[in-house]
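*Asks:* generate a structure from the sequence data that follows.
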Amino acid sequence: MGNADLHKMIVTMRTVLILTLFFYSFNSFSQNGFDSTKVSINFMKVVREIVQCRCIGNYRGGFGGEDDSSLSINNRFKKGTVQEFLELVNHPSKEVRYMAFNEVAERCDTFNFMPYIINSFKKNERINISSGSIVNEINLSDQLINLFVNRMTVEQRKLMDSILIFETIDVFYSNIKKENSPGLNISLSGPIKYREKLIYKLNPEEKYYQKLKSIYNRESSPLVVYAILKFAKPEDSIILLKEIVSHQKEYLFWKSQAFWCYRAIYEHPNNNYFSSLSKAYYDIKANYIWQDGYERYMYILALTKYRSIESIEIFLKMLKDDENLPIMKNSCLLSMALQEIKNDYFKTISDRLVNSPEDEVWMKTFKNGFDAFNKQLTTESQ
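*Replies:* Next up is the predicted model:
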């Protein structure tokens, strides 16, 4: 056995050992119950109010923000001791644990957070956060990662990332298609946003390919498809066409299978995909709806990566389809796309484009929205 093989075996054995220890630790943690005797009687009254509310903040508040009752609970909760908060992170109520973790992160530098974070991956617990009458939902795992990620060592971060992407934890794959979190976020496939950002950032290295294909078999989600298509393998043309044609139309474009297929091609163009991309036009034409403008825009951008007669012919057909589109016209989308790429090859198309003042106003609004999405995507993925 060579030195390289020996080193690889040692690294593998060490990783298995670390994973075993961590899984043992968080399984042991999950068996430890909450001991109410370690929390004062008066403070338990505040805890019971949070349990009864089942929401951080209060549904009954006005549009201006939290009402007096929710502020009172929050302020009284902050008066607990560090030892009480350390016990409350084991409380059965996810809302109580959420608030306790926030206090522990602020007050206790020695808190052993890793078992709690890893254990949270198996639970998929969501917390309702209200501000006045507006209620948003966050995943407890995301909150824990946000609170403690800056304290992690390099080894802890790698371990967490590896578990999130590659461990088979059923909750990652449950009710994936039904996820519909409010607000502008890029949460697309599973319940944990941080996990999806890891998949989004994953470099197309061969060591990841088969594992991603395995995930795809269980989780046909937009970001997993996006990650696979970045490899630009000929055999994945089948996946591309399948996802484009069979995908369900989404009101929110960043949840669309097709949008991320087109984005992968735009960012990683490959001749293997052109046939599937050109066939996708007929699916797009059959499903024109007013809210799919960003999806069509991404399709146009992807098609501009292929300087061919076929691309020009599709663009001409899209212009002809404008007769049936009251808003989000293809002519406007083409104008923005061709201005973006600045490619003279498509000059025959750009010369045909004449936009009214009303179109220009709409295009500016559309582009601002798309730029804001890209900026958020870049910022949150760093």
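
*Asks:* next, Arg126: phi, psi?
*Replies:* phi -110, psi 140 (degrees, to the nearest 10).

*Asks:* I meant to write Ile129 there.
*Replies:* The phi and psi values for Ile129, taken as degrees, to the nearest 10, are phi -110, psi 120.

*Asks:* check the closest residue in space to Tyr345 that isn't next to it in sequence and give its pLDDT.
*Replies:* Of all residues not flanking Tyr345 in the chain, Arg307 sits nearest, at 4.6 Å (Cβ to Cβ, 6 or more residues apart in numbering). (C-beta placed from N, C-alpha, C; glycine too.) Arg307 carries a pLDDT value of 90.

*Asks:* the strand or helix carrying Leu212: what's the following helix or strand?
*Replies:* Here Leu212, judged by DSSP states H and E, is contained in helix 206-218. Later in the chain than helix 206-218, the nearest helix or strand by DSSP H and E is helix 222-229.

*Asks:* and that next one, average pLDDT?
*Replies:* Computed over helix 222-229, the mean pLDDT rounds to 89.

*Asks:* list the contacts of that helix.
*Replies:* Here helix 222-229 makes contact (Cβ atoms under 8 Å, 6 or more residues apart in numbering) with 188-189, 196, 199-200, 202, 204, 208-209, 212-213, 215-216, 236, 239-240, 243, 254-257, 259-261, 263-265, 268, 273.

*Asks:* ok, the residue lying closest to Phe166 once chain neighbours are set aside to Thr365 distance?
*Replies:* What sits nearest to Phe166 in space, not counting adjacent residues and going by Cβ to Cβ, 6+ apart, is Lys211, at 5.7 Å. Per Cβ to Cβ, to the nearest Å, Lys211 is found 41 Å from Thr365.

*Asks:* cool, and Arg263?
*Replies:* Going from Arg263 to Thr365 by Cβ to Cβ gives 21 Å.

*Asks:* and these two? Which one has more around it.
*Replies:* Each of Arg263 and Thr365 has its neighbours counted (other Cβ atoms under 10 Å); Arg263 has more, 22 against 10.

*Asks:* element containing the more buried one?
*Replies:* helix 257-267.

*Asks:* buried ones in that helix?
*Replies:* By neighbour count with 16 or more other Cβ atoms under 10 Å, helix 257-267 contains the buried residues 257-266.

*Asks:* just the helices in the stretch 201-350 of the chain please.
*Replies:* 206-218, 222-229, 237-246, 257-267, 274-286, 293-303, 309-320, 330-341, 347-350 (DSSP state H, counting those that start in this stretch).

*Asks:* of the ones you listed, which approaches Gly80 most closely?
*Replies:* Among those, the nearest to Gly80 by Cβ to Cβ is helix 222-229 (39.0 Å).

*Asks:* could you export that closest one as PDB, CA atoms only?
*Replies:* The C-alpha coordinates for helix 222-229 follow below in PDB (Å, rounded to 0.1, in the frame of the first residue of the first chain):
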ATOM      1  CA  PRO A 222     -34.300  23.000  -8.600                       C
ATOM      2  CA  LEU A 223     -30.900  23.500  -6.900                       C
ATOM      3  CA  VAL A 224     -30.000  19.900  -7.100                       C
ATOM      4  CA  VAL A 225     -30.800  19.900 -10.800                       C
ATOM      5  CA  TYR A 226     -28.800  23.100 -11.200                       C
ATOM      6  CA  ALA A 227     -25.800  21.500  -9.400                       C
ATOM      7  CA  ILE A 228     -25.900  18.500 -11.700                       C
ATOM      8  CA  LEU A 229     -26.200  20.500 -14.900                       C
END
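
*Asks:* could you give the angle of it to helix 206-218?
*Replies:* On the basis of axes from the mean of the first three to the mean of the last three Cα atoms, to 10 degrees, helix 222-229 is oriented at 140 degrees to helix 206-218.

*Asks:* beyond the helix or strand of the chain with the lowest mean pLDDT, next helix or strand please.
*Replies:* Lowest on mean pLDDT, DSSP states H and E among the helices and strands of the chain sits helix 3-31, with a mean of 46. Of the helices and strands lying after helix 3-31 in sequence (DSSP H and E), the nearest is helix 41-53.

*Asks:* elements contacting that following helix?
*Replies:* Packing partners of helix 41-53 (3 or more Cβ pairs under 8 Å, 6 or more residues apart in numbering; DSSP states H and E): helix 68-77, helix 94-107.

*Asks:* tell me the mean pLDDT over that helix?
*Replies:* Across helix 41-53, pLDDT averages out at 90.

*Asks:* next: stretch 330-349.
*Replies:* The model assigns stretch 330-349 a mean pLDDT of 88.

*Asks:* tell me which residues of it come out buried.
*Replies:* 330-338, 346, 349.

*Asks:* repeat that for stretch 77-96.
*Replies:* By neighbour count on 16+ other Cβ under 10 Å, the buried set for stretch 77-96 is 77, 80, 84-91, 93-96.

*Asks:* list the contacts of that stretch.
*Replies:* For stretch 77-96, the external contacting residues (Cβ under 8 Å, 6+ apart) are 32-35, 38-40, 43, 46-47, 50-51, 53-56, 97, 99-101, 103-104, 107-108, 111, 116, 125-127, 140.

*Asks:* gap between the two ends of that stretch?
*Replies:* Stretch 77-96 has an end-to-end distance of 10 Å (Cα to Cα, to the nearest Å).

*Asks:* how far away from the center of its chain is that stretch?
*Replies:* Put simply, stretch 77-96 sits 29 Å off its chain's centre (Cα atoms, centre = their mean, to the nearest Å).

*Asks:* and what of stretch 205-215?
*Replies:* 19 Å.

*Asks:* now swap in stretch 217-237 and tell me
*Replies:* Computed by Cα atoms, centre = their mean, the chain-centroid distance of stretch 217-237 equals 16 Å.

*Asks:* give me the buried positions along it.
*Replies:* Buried residues in stretch 217-237, counting neighbours by 16+ other Cβ under 10 Å, are found at 219-233, 236-237.
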